[in-house]
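**Q** My questions are about this predicted structure, shown below with the sequence.
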Amino acid sequence: MPPTATTLEASPQGEPGSGSLSLRILAIVFFNFVAYLAVGLPIAVVPGFVHDSLGYGTVLAGLAVSIQYLATLLSRAYAGHLCDVQGPKRSVVTGLALCAGSGALTLVAGLFAHTPALGLAWLFAGRLVLGAGESLVTTGTIAWGIGSVGARHTGRVISWNGITTYGALALGAPLGVMLGHAWGLPAIGAVTTLLAGVALLLARRKAAVPTVAGERLPFRRVFRAMTPFGLCLALGSVGFGTITAFVTLLFASHGWDHAALALTLLGACFVLARLLLADAIGRFGGYPVALASFAVEACGLALIALAATPAMALAGAAVTGFGFALVFPALGMEAVRLVPQSNRGSALGAYALFLDLALGLTGPVAGWLAKHQGYGAVYLFAAVSALLALGLSVALSMRRDPAAD
């Protein structure tokens, strides 16, 4: 069958240089940066608003944060389908509109702070809309970026998308705290709506990439094809989730200071690895990079599990961040090659769904383990999970279809 131009494989005329390539990718993943600014701005303020301003307990305060991720999880399949059928630009534009709408709902929730039931209802609505918007934008920017620069640069596009994700969260959270302290939750909602609205106007002016008029597989078939890769991703994500959720408690249990530095090192080394090794997946292939990444991550988690000093735990967090950085793009590049070209948006959505599941389940599972075995056991469990991901990745690499190359 002759090759067909697709959302994910249509290459631009000629091969762009490295600098031009990065600029073309950044012009698309910028919209992902805005979407995750919308996620980051309220994330540290919402629990306090629910608990202190509305007067509800810690359970509802926590639910107000996590309900967003439920919406993200449930909208992954739709995001992929939208990319495949109407194009990734449509997914991004729709997602940005939802992000802007979530800001408006958050603003209204802040205005009802003296009516707790209404304030909570508006807030939950805003969180659900934001979760769906996040899913549509991040899936769409990956597909749009690949369509813009060509499928051979899949790993680089996913890497840059991840950099904008964590960069926006790192910037958005403290900025949101500042806005919340100065003007309250309504200001966060207003800024979110403004930023997403401007990004929406810019996205509408950018050229779309062609889609494929091909067979649309049922999502369950795409999901089955992505499951082995998703399991590897989920197992490899346990370490990242345990550090973000429990490292402050680990430090407190030992009486150590500077727990926040562990989170800073985790994020900084994550971004550093993606910047320094941007070409690694294209040069060496997805499987070799994934295997090396899991090995490095397991070493970092073992350092934390066995840490006798805060310096050792901080080093473990840094090594873990560096190792985990390329897991998603390395396996993602291999995964999307297994589905027809007309279904790769759905494949990206199904693959990312496993990351959502892993981060959602890690908290309660690791919490139970910490209660019964201590925090060291949590990171030992995470290290073993990374090694299991390595072993499963080896099996996948051995059964790969040579024709895919």
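**A** It's in.

**Q** Only C-alpha atoms from now on, for both contacts and neighbour counts.
**A** Will do.

**Q** And for residue 115, the neighbour number?
**A** 13 (other Cα atoms under 10 Å).

**Q** Show the contacting residues for it.
**A** Taking Cα atoms under 8 Å, 6 or more residues apart in numbering, we find residue 115 in contact with residue 54.

**Q** What's the local residue count around residue 255?
**A** 9.

**Q** phi, psi of it?
**A** The phi and psi values for residue 255, taken as degrees, to the nearest 10, are phi 70, psi 30.

**Q** any idea how far residue 296 is from it?
**A** 27 Å (Cα to Cα, to the nearest Å).

**Q** Then residue 228?
**A** 21 Å.

**Q** Just want to know which of these two has more residues nearby.
**A** Neighbours were counted for residue 228 and for residue 296 using other Cα under 10 Å; residue 296 has more, 22 against 18.

**Q** What are the boundaries of the helices in the stretch 301-405 of the chain?
**A** 310-324, 327-336, 344-373, 375-398 (DSSP state H, counting those that start in this stretch).

**Q** Which one of these has the poorest average confidence?
**A** Mean pLDDT is lowest for helix 344-373 among the helices of the stretch 301-405 of the chain, at a mean of 82.

**Q** Tell me the helices and strands packed up against it.
**A** Judged by 3 or more Cα pairs under 8 Å, 6 or more residues apart in numbering; DSSP states H and E, helix 344-373 is in contact with helix 58-86, helix 116-149, helix 219-254, helix 327-336, helix 375-398.

**Q** what angle separates that helix from helix 116-149?
**A** 130 degrees (axes from the mean of the first three to the mean of the last three Cα atoms, to 10 degrees).

**Q** Now helix 344-373: buried residues?
**A** Buried residues in helix 344-373, defined by neighbour count with 16 or more other Cα atoms under 10 Å: 344-360, 362-363, 366-367, 369-370.

**Q** Residue 45 contacts residue 177, correct?
**A** Yes. With contact defined as Cα atoms under 8 Å, residue 45 counts as touching residue 177 (6.1 Å).

**Q** so how far is residue 166 from the nearest residue to residue 84 once chain neighbours are set aside?
**A** Counting by Cα to Cα, 6 or more residues apart in numbering, residue 84 lies nearest to residue 345, which is 5.3 Å off, once chain neighbours are set aside. For residue 345, the distance to residue 166 (Cα to Cα) stands at 22 Å.

**Q** related to what we said a few turns ago, export the helices of the stretch 301-405 of the chain to JSON lines and append columns for distance to residue 79.
**A** Listed next are the helices of the stretch 301-405 of the chain as JSON lines, based on distance: least, Cα to Cα, whole Å:
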{"stretch": "helix 310-324", "distance to residue 79": "25"}
{"stretch": "helix 327-336", "distance to residue 79": "15"}
{"stretch": "helix 344-373", "distance to residue 79": "7"}
{"stretch": "helix 375-398", "distance to residue 79": "26"}
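
**Q** With respect to residue 38, which of the ones you listed lies nearest?
**A** helix 344-373 (17.9 Å; Cα to Cα).

**Q** Surely residue 160 is in contact with residue 274?
**A** Yes. The criterion here is Cα under 8 Å, and residue 160 meets it with residue 274 at 7.5 Å.

**Q** shared neighbours of those two, anything?
**A** Common neighbours of residue 160 and residue 274 (Cα under 8 Å, 6+ apart) do not exist.

**Q** Name the helix or strand for residue 55, please.
**A** Residue 55 is part of no helix or strand when elements are defined by DSSP states H and E.

**Q** pretty sure it is touching residue 114, no?
**A** No. Residue 55 is beyond contact range of residue 114, at 9.7 Å (criterion: Cα under 8 Å).

**Q** Which neighbours do the two have in common?
**A** Listed as contacting both residue 55 and residue 114 by Cα under 8 Å, 6+ apart is no residue at all.

**Q** Low-confidence bits of the stretch 201-350 of the chain, can you list those?
**A** Applying pLDDT under 70 to the stretch 201-350 of the chain flags the ranges 212-215.

**Q** Would you mind giving me the confidence score for the residue nearest to residue 54 when sequence neighbours are not counted?
**A** Once flanking residues are discounted, residue 54 sits nearest to residue 116: 4.8 Å by Cα to Cα, 6+ apart. Residue 116 is assigned 94 on the pLDDT scale.

**Q** Residue 116: neighbour count?
**A** 16.

**Q** Please apply the same query to residue 277.
**A** 17.

**Q** likewise residue 319?
**A** So residue 319, with other Cα under 10 Å, has 23 neighbours.

**Q** Please verify my assumption that it contacts residue 304.
**A** No. Assessed by Cα under 8 Å, residue 319 is found out of contact with residue 304, at 9.9 Å.

**Q** In contact with the residue nearest to residue 84, which residues?
**A** By Cα under 8 Å, 6+ apart, residue 345 lies in contact with 79, 80, 81, 82, 83, 84, 88, 139, 140, 143.

**Q** Ramachandran coordinates for the closest residue to residue 156 other than its chain neighbours?
**A** Closest residue in space to residue 156, ignoring its immediate chain neighbours: residue 278 at 5.8 Å, by Cα to Cα, 6+ apart. When read as degrees, to the nearest 10, the backbone of residue 278 gives phi -60, psi -30.

**Q** any idea how far residue 371 is from residue 278?
**A** Counting by Cα to Cα, the gap from residue 278 to residue 371 is 39 Å.

**Q** Residue 71 too?
**A** Distance from residue 71 to residue 371, by Cα to Cα: 29 Å.

**Q** With residue 305 instead?
**A** Counting by Cα to Cα, the gap from residue 305 to residue 371 is 15 Å.

**Q** repeat for residue 92
**A** Taking Cα to Cα, one finds residue 92 at 42 Å from residue 371.

**Q** Next: residue 152.
**A** Residue 152 is 46 Å from residue 371, by Cα to Cα.

**Q** Likewise for residue 331?
**A** 33 Å.

**Q** Could you do residue 51 as well?
**A** 25 Å.
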